[in-house]
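*Asks:* when you get a sec, could you give me coordinates for this:
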Amino acid sequence: MSRKITLAGSLLLIFAMTVLILLRLMPGPHKPTDYLVIGTLATFVCILLAFIFFFSVSGKRSDMFYKRKSK
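*Replies:* You can find the predicted model right below:
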């Protein structure tokens with residue numbers, strides 16, 4: 001249970017850091033579409049990192065995406 005809480009907290013922190021970095025990089029004044037793009041990119045980064053984490057931790061790599069049928 002603590003592993004899930006740690007992952008959620010770290011992803012939330014990464015999301016916030018990504019938003020702050022992108023707000024600094026994009027020139028102002030910001031329009032509503034700028035905030036939409038920033039939120040989309042931050043969400044993409046967090047989902048990508050979660051995907052990489054979950055599949056790097058899983059032990060079996062032979063049947064990660066599909067399972068072979070037994071004959």
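*Asks:* which residues of this structure fall in strands?
*Replies:* Per DSSP state E, the chain carries no strands over any range.
*Asks:* in it, where's the longest helix?
*Replies:* Scanning the chain for the helix with the most residues, using DSSP state H, yields helix 32-57.
*Asks:* list the buried residues in it.
*Replies:* For helix 32-57, a neighbour-count test (16 or more other Cβ atoms under 10 Å) marks 38, 42, 45, 46, 49 as buried. Yep, even glycine has a C-beta here, placed from its N, CA and C like the rest.
*Asks:* wait, which of those is closest to residue 16?
*Replies:* Of all these, residue 16 sits closest to residue 42, with 8.2 Å by Cβ to Cβ.
*Asks:* so the closest one sits against residue 12, correct?
*Replies:* No: taking Cβ atoms under 8 Å as the definition, residue 42 is not a contact partner of residue 12, at 10.6 Å.
*Asks:* and which of the buried residues of helix 32-57 is nearest residue 25?
*Replies:* Using Cβ to Cβ, the buried residues of helix 32-57 come closest to residue 25 at residue 38, 9.2 Å.
*Asks:* just the pLDDT for that closest one.
*Replies:* For residue 38, the model assigns a pLDDT of 95.
*Asks:* list the contacts for the residue nearest the centre of the chain?
*Replies:* In the chain, the centroid-proximal residue (Cα atoms, centre = their mean) is residue 46; its distance is 1.5 Å. Going by Cβ atoms under 8 Å, 6 or more residues apart in numbering, residue 46 touches 11, 14, 15, 18.
*Asks:* just for the chain, where's the confidence low?
*Replies:* 58-67 (pLDDT under 70).
*Asks:* rerun at 80
*Replies:* Counting by pLDDT under 80, the chain shows low-confidence ranges at 1, 3, 55-71.
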